[in-house]
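In: coords please:
(one chain, ligands or ions: 2)
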Amino acid sequence: MNSYDLIVIGSGPAGRRAAVQAAKLGKSVLVIEKGRRVGGVSVHTGTIPSKTLRETALNLTGWRERGFYGRSYRVKQNISAADLQRRMLITLDHEVDVLEHQFARNRVSEMHGTATFIDANTLEVTRNDGEVLRVRGTSVLLAVGTRPYRPAHIPFDGEAIIDSDEILEIKEVPRSLAVIGAGVIGIEYATIFSTLDTQVTVIESRETMLEFIDKEIVEDFTYQLRDRNMKLIFGQAIENVSRDESGKCRIVLKNGRIVVTEMVLFAAGRVGATDTLSLSAAGLEADNRGRIKVDPETFQSDVANIYAAGDVVGFPSLASTSMEQGRIAARHAVGAPANEPPQYFPYGIYAVPEISTCGLTEEEVIQRGIPYECGVAHFRETSRGHIMGLESGLLKMVFSLKTRRLLGVHIVGEGATELVHIGQAVLNLKGTVEYFVENTFNYPTLAEAYKIAGLDAWNRMGELQKVQKA
Ligand SMILES: Cc1cc2nc3c(=O)[nH]c(=O)nc-3n(C[C@H](O)[C@H](O)[C@H](O)COP(=O)(O)OP(=O)(O)OC[C@H]3O[C@@H](n4cnc5c(N)ncnc54)[C@H](O)[C@@H]3O)c2cc1C
Ligand SMILES: NC(=O)c1ccc[n+]([C@@H]2O[C@H](COP(=O)([O-])OP(=O)(O)OC[C@H]3O[C@@H](n4cnc5c(N)ncnc54)[C@H](O)[C@@H]3O)[C@@H](O)[C@H]2O)c1
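Out: Ligands and ions are numbered 1, 2, ... in the order given. From the prediction side, this is the model:
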């Protein structure tokens with residue numbers, strides 16, 4: 001039986017960073033991946049395919065140019081599902097190639113098969129060709145991720161009633177689509193398909209969506225979606241979903257309303273992929289959503305030599321945070337502890353338009369009783385916004401009145417997921433409103449919105465200070 005310092009189960013963002021980190025520290029590492037190719041959900045069914053689909057849809061529809069040329073402007077008429085998938089496959093191949101090369105040059109061993117525990121140090125791997133073998137690890141990292149939640153009462157058929165894995169393989173772009181669940185996945189796909197002129201209806205059982213995002217940003221976002229005719233139904237549970245004789249999907253809501261569409265995307269959460277691991281053999285157990293409890297600083301589970309990182313440990317379930325969790329877990333596992341990560345990380349929602357946020361929302365600041373001031377800039381106030389023909393886009397910053405420090409940055413609009421990093425740096429370096437007022441920003445850029453929002457807040461905060469000093 002082969003032995004390794006660290007065995008990593010899963011080759012998604014958490015697994016891959018962990019494996020390379022341990023290898024860089026001179027440890028022997030094995031990655032076990034049940035998929036045919038490495039990369040995990042992130043590369044094959046989640047982050048990268050959905051973001052590539054988004055980029056393709058925006059390019060082929062000419063979405064970004066419509067501010068100038070009107071809503072009927074198209075780069076390509078009749079965009080097909082094949083058009084959308086072509087670019088995705090090329091991107092995925094490239095991602096896998098980069099990853100394989102990383103593993104090879106860092107001497108990380110790979111095994112393709114499904115891992116199950118025999119005991120806390122021993123794993124049985126059923127390889128994809130049927131062969132079964134055992135391996136031993138001093139430490140084991142569970143980076144098995146999640147899969148779509150598929151409740152029994154939804155009649156998934158892989159064709160018209162689908163989950164977020166299956167949406168990547170559709171044969172035609174639907175004329176109408178109902179998206180059940182206004183979480184990040186649901187909202188990203190709903191808005192992407194809306195750019196393709198699909199009539200989209202979003203059904204969400206809660207009264208609002210994206211509750212962790214600053215309310216003013218969600219309001220602006222919601223207005224934009226409604227303005228382009230997307231139907232948003234909040235506070236409505238689903239009675240049943242079916243297909244009629246003509247193949248159309250019928251969604252009956254608890255209040256009796258019926259929504260009829262060509263396709264239904266069920267995107268109401270995900271569950272940890274822990275059911276095939278035989279966790280009990282290692283002395284571990286998962287919660288009712290398949291997730292594993294860990295120490296938030298070391299990612300060590302209740303069993304000393306077993307660690308878990310990435311989506312399988314729950315919030316925030318991002319590729320970005322999973323990578324960092326994997327790296328930290330690997331360092332602890334091989335006895336080279338890492339520093340704690342900075343307090344604030346960015347969250348990017350690749351809807352159309354993008355949303356990105358870092359730090360405290362205005363609602364959180366109020367809840368904590370912190371005296372504060374906000375600064376706001378509209379992208380249409382920036383020269384870059386004019387050049388790009390932007391009609392929308394909003395950047396908001398929240399500052400402490402007492403310390404003048406930036407507490408949170410919230411953006412909706414073009415480039416939000418890139419722009420947020422300026423705010424993130426100031427936030428984690430404990431910068432104040434003066435940073436934005438005193439520094440010069442490239443012109444014309446969207447980043448100038450920081451200057452405008454900073455001045456907006458400072459004008460009010462400055463007056464307050466003078467009064468206090470007097
Ligand atoms: C549609 C969608 C869009 C997303 N968009 C973004 C985004 O824009 N930005 C962002 O930061 N995050 C995004 N995410 C989230 C991101 O994909 C996840 O946070 C990330 O993939 C989690 O990484 P992970 O390492 O935990 O595991 P995963 O990427 O889930 O990979 C786990 C791997 O483990 C393997 N595995 C499972 N069980 C076993 C076993 N028993 N034996 C062997 N192998 C096993 C699986 O085959 C899989 O390859 C998105 C997710 C989805 C679904
Ligand atoms: N851009 C990104 O970073 C990105 C993109 C996609 C996914 N993700 C990650 O993937 C994870 C999973 O995303 P998700 O959107 O599937 O899950 P989620 O749990 O975040 O959202 C599910 C939504 O569906 C609603 N819902 C649940 N049951 C329902 C029902 N029966 N009818 C109507 N609505 C219902 C919930 O109230 C919730 O709003 C997220 O935690 C997220 O971090 C990140």
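In: tell me the contacts of the residue in the stretch 101-250 of the chain that ligand 2 sits nearest to?
Out: Closest contact between the stretch 101-250 of the chain and ligand 2, by Cβ to the nearest ligand atom, is at residue 183 (2.0 Å). Where C-beta positions appear, they are placed from N, C-alpha and C, glycine not excepted. For residue 183, the contacting residues are 209, 210, 267, 268, 269, by Cβ atoms under 8 Å, 6 or more residues apart in numbering.
In: longest strand in the protein, by residue count?
Out: Longest among the strand segments of the chain by residue count, using DSSP state E, is strand 132-142.
In: That one pairs with which strands, and in what direction?
Out: Strand pairing for strand 132-142, using DSSP bridges, gives strand 2-9 (parallel), strand 122-127 (antiparallel), strand 306-308 (parallel).
In: nearest residue to the spatially most central residue of the chain other than its sequence neighbours?
Out: When Cα atoms, centre = their mean is applied to the chain, the residue found nearest the centroid is residue 318 (4.8 Å). With Cβ to Cβ, 6 or more residues apart in numbering as the criterion, residue 318 has its nearest non-adjacent residue at 7.0 Å, and that residue is residue 347.
In: what residues are up against that neighbour?
Out: Residues near residue 347 by Cβ under 8 Å, 6+ apart: 212, 213, 316, 318, 356, 357, 358.
In: rerun that using 10 Å as the cut-off
Out: Contact analysis of residue 347 by Cβ atoms under 10 Å, 6 or more residues apart in numbering lists 184, 210, 212-213, 316, 318, 320-321, 355-358, 410, 417, 420.
In: before we move on, what about residue 316?
Out: So residue 316 contacts 212, 322, 325, 345, 347 (Cβ under 10 Å, 6+ apart).
In: Going by distance to residue 61, which of the residues you listed wins?
Out: Nearest to residue 61 among these is residue 347, at 25.9 Å by Cβ to Cβ.
In: Taking the stretch 101-250 of the chain, what residue is nearest to ligand 1?
Out: residue 145 (1.9 Å).
In: Wait, that residue touches residue 10, no?
Out: Yes - contact criterion Cβ atoms under 10 Å: residue 145 and residue 10 qualify, at 5.8 Å.
In: between these two, what contacts are shared?
Out: Common contacts of residue 145 and residue 10 (Cβ under 10 Å, 6+ apart): 40, 41, 273, 310, 311, 312, 322.
In: In TSV: those, plus pLDDT.
Out: Below are those laid out as TSV (pLDDT from 0 to 100):
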residue	pLDDT
40	97
41	97
273	98
310	98
311	98
312	98
322	97
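In: Show me which residues of stretch 365-382 are buried.
Out: Applying a neighbour-count criterion of 16 or more other Cβ atoms under 10 Å, one finds 365, 370, 372-382 buried in stretch 365-382.
In: And those, which two are furthest apart?
Out: 370 and 380 (30.2 Å).
In: Up against ligand 1, what does the stretch 251-400 of the chain have?
Out: For the stretch 251-400 of the chain, the residues in contact with ligand 1 (Cβ under 6 Å from any ligand atom) are 273, 276-277, 310-312, 317-320, 322, 348, 350.
In: Mind putting those residues into TSV with distance to residue 441?
Out: What follows is those, written out as TSV (distance: Cβ to Cβ, whole Å):
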residue	distance to residue 441
273	44
276	52
277	50
310	36
311	36
312	41
317	33
318	28
319	29
320	25
322	32
348	21
350	25
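In: So which of those are in strands?
Out: Taking DSSP E, the ones among those that sit in strands are residue 348.
In: which of the residues of the stretch 251-400 of the chain next to ligand 1 lies closest to ligand 1?
Out: The closest of these to ligand 1 turns out to be residue 310 (Cβ to the nearest ligand atom; 2.1 Å).
In: Quick check, that closest one in contact with residue 270.
Out: No - contact criterion Cβ under 10 Å: residue 310 and residue 270 do not qualify, at 11.9 Å.
In: The two: which has the busier surroundings?
Out: residue 310 (33 against 23; other Cβ atoms under 10 Å).
In: In the stretch 301-450 of the chain, which residue sits nearest ligand 2?
Out: For the stretch 301-450 of the chain and ligand 2, the shortest gap (Cβ to the nearest ligand atom) falls at residue 317, measuring 3.8 Å.
In: Measure how buried that residue is and give me the count.
Out: Residue 317, neighbours per other Cβ under 10 Å, totals 17.
In: do the same with residue 289
Out: 13.
In: which residue packs closest to residue 251, ignoring adjacent ones?
Out: Nearest non-adjacent residue to residue 251, counting by Cβ to Cβ, 6+ apart: residue 259, 4.4 Å away.
In: Could you do residue 368 as well?
Out: Among residues not flanking residue 368 along the chain, residue 360 sits closest, at 7.6 Å (Cβ to Cβ, 6+ apart).
In: contacting residues around that neighbour?
Out: 214, 344, 366-368, 370, 372, 398, 400, 406-410, 427.
In: do residue 246 as well
Out: Contacts of residue 246 (Cβ under 10 Å, 6+ apart): residue 260.
In: that older thread, my read is that the residue nearest to the centre of the chain contacts residue 417, right?
Out: No - between residue 318 and residue 417 there is no contact under Cβ under 10 Å: 11.6 Å.
In: list residues touching both of the two?
Out: With contacts defined as Cβ under 10 Å, 6+ apart, the residues shared by residue 318 and residue 417 are 346, 347, 348.
In: Can you lay out the residues you listed as TSV showing pLDDT and distance to ligand 2?
Out: Shown next, in TSV, are the shared contacts of residue 318 and residue 417 (pLDDT from 0 to 100; distance: Cβ to the nearest ligand atom, whole Å):
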residue	pLDDT	distance to ligand 2
346	97	10
347	97	6
348	97	5
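In: quick one: which of those is nearest to residue 177?
Out: Minimum distance to residue 177 across those is 23.0 Å, recorded for residue 348 (Cβ to Cβ).
In: For burial, what's the neighbour tally of the closest residue to that closest one other than its chain neighbours?
Out: Distance criterion Cβ to Cβ, 6+ apart; nearest residue to residue 348, sequence neighbours excluded, is residue 417 at 3.7 Å. Neighbours of residue 417 under the rule other Cβ under 10 Å: 18.
In: Residue 417 and residue 411 touch, don't they?
Out: Yes - look at residue 417 against residue 411 with Cβ under 10 Å: they come within range, at 8.3 Å.
In: Name the residues contacting each of these two.
Out: Common neighbours of residue 417 and residue 411 (criterion: Cβ under 10 Å, 6+ apart): 346, 348, 354, 355, 356, 357.
In: quick one, phi psi at residue 166?
Out: Backbone torsions of residue 166, given as degrees, to the nearest 10, read phi -70, psi -20.
In: and it, how many neighbours?
Out: By other Cβ under 10 Å, 17 other residues sit near residue 166.
In: which stretches of the stretch 101-250 of the chain have low pLDDT?
Out: Of all residues in the stretch 101-250 of the chain, none has pLDDT under 70.
In: List the residues that are in contact with both of residue 310 and residue 270.
Out: Contact criterion Cβ under 10 Å, 6+ apart; residues shared by residue 310 and residue 270: 41, 145, 146, 317.
In: hang on, the earlier thing: what about the closest residue to the residue of the stretch 301-450 of the chain closest to ligand 2 other than its chain neighbours, how many neighbours?
Out: Closest residue to residue 317 apart from its sequence neighbours, by Cβ to Cβ, 6+ apart: residue 311 at 4.6 Å. For residue 311, the neighbour count with other Cβ under 10 Å is 33.
In: Good, wrapping up.
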